[in-house]
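S.K.: have a look; sequence and predicted model below, questions after that.
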Amino acid sequence: MITSFKGGVGKSTVAVNLCVGLAVKKNKTLIIDLDASSGSVDLFMGCEGDAIYNFFDVLEERVDIEKAVYTKKGSDSRIDILKSPGSYDLADLEGMEEKIARFTEEAEKIYDFIIFDCPSGKFEIFEHIAKSSDLIFVVTLHSAASVRSAEKLALYLAEQGIKSENVRLIINCFNAKGVTRGLHMGIIDIIERSKIKLIGLIESNGLMRDYQELGRTCYDAKDKKTKFYFEDIIGRVLDENIILKRKYKGIRRTDLYFKK
């Protein structure tokens, strides 16, 4: 589950690039867009208008998962995409906890990884998705408002009975120069204020935004630096001990490990 209580932090960007990175490593991967109002996974994946069915079509058992997905094939990856429902009608929400539990049980028989790309805030099926997820990635920028939002989300998840070891923080659009100049919080400050363990950070990168507009990811870029941030996160998900190698102001120790 990729989530945040605050909009504009890059949840879909993170979700799509993690999805591609997992697929490149030969994991069978499904990404599900849950943003009914402004879903953008199909745009970022370069397959706008190609998907016919949506997540609710599968939940309501109108179609099987494998028939509902649109498959995006790359030179070294293959990803299944399930687009968001058009809306969350109250009539559709009856028995939702059981429906999502049944969906995840069936999907886990097919896929190695299932990524839920969530809209901002607490949407209609937030709690059900959270309780069905093995890992919840909270995306934040290093602005005070964004970090406060991450802290509130962590507290809310705890109230829902989600264990803290299942929640991890991703710092997006990190600007080391801004930290050095005292304009932004350092990494340690962000971890301490949000009260969420860090699994990775992604530097601010204009190239990734430009590629995104073309329906491409950092794995398509000639500059391979950006993809290393996602590969670090993926490595930690896959239980590899990967230190935060790059030294930024805000890290007071160099032996920080981020293993589940």
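M.R.: Received the coordinates, thanks. Just so it is clear, the structure is predicted and the values come from calculations on it, not from any experiment.

S.K.: remind me, longest helix of this protein?
M.R.: helix 144-159 (DSSP state H).

S.K.: what mean pLDDT does the helix or strand just after that one get?
M.R.: Downstream of helix 144-159, the first helix or strand assigned by DSSP states H and E is strand 167-174. Regarding strand 167-174, the rounded mean pLDDT is 93.

S.K.: give me the sheet partners of strand 167-174 and which way each runs.
M.R.: strand 136-140 (parallel), strand 198-203 (parallel) (DSSP bridges).

S.K.: which residues touch that strand?
M.R.: 9-10, 13-14, 135-142, 150, 154, 157, 187, 190-191, 194, 196-204, 233, 248, 260 (C-beta atoms under 8 Å, 6 or more residues apart in numbering). Bear in mind the C-beta positions are built from the backbone N, C-alpha and C, glycine included.

S.K.: okay, buried residues for whichever helix or strand comes after it please.
M.R.: As assigned by DSSP H and E, the chain's next helix or strand after strand 167-174 is helix 176-180. Buried residues in helix 176-180, counted by 16 or more other C-beta atoms under 10 Å: A176, G178, V179.

S.K.: for those residues, which one is nearest F56?
M.R.: Taking C-beta to C-beta as the measure, F56 lies nearest G178 of these, at 41.2 Å.

S.K.: grab the nearest non-local neighbour of the closest one.
M.R.: Spatially, and ignoring its direct neighbours in sequence, G178 is nearest to H184 (4.1 Å; C-beta to C-beta, 6 or more residues apart in numbering).

S.K.: pretty sure N54 contacts S87?
M.R.: No - in this structure, N54 is not within contact of S87 by C-beta atoms under 8 Å, at 10.3 Å.

S.K.: tell me which of the two has more neighbours.
M.R.: N54 (21 against 11; other C-beta atoms under 10 Å).

S.K.: that one bridge partners, please.
M.R.: K83.

S.K.: and it, how close does it get to K224?
M.R.: Using C-beta to C-beta, to the nearest Å, N54 is found at 34 Å from K224.

S.K.: worst-scoring helix or strand of this structure, pLDDT-wise?
M.R.: Among the helices and strands of the chain, helix 206-213 carries the lowest confidence by mean pLDDT, DSSP states H and E, at a mean of 69.

S.K.: identify the residues contacting stretch 191-206?
M.R.: 10, 14, 137-138, 140, 147-148, 150-151, 154-155, 164, 167-176, 185, 187, 190, 218, 226, 229-230, 232-233, 236-237, 244, 258.
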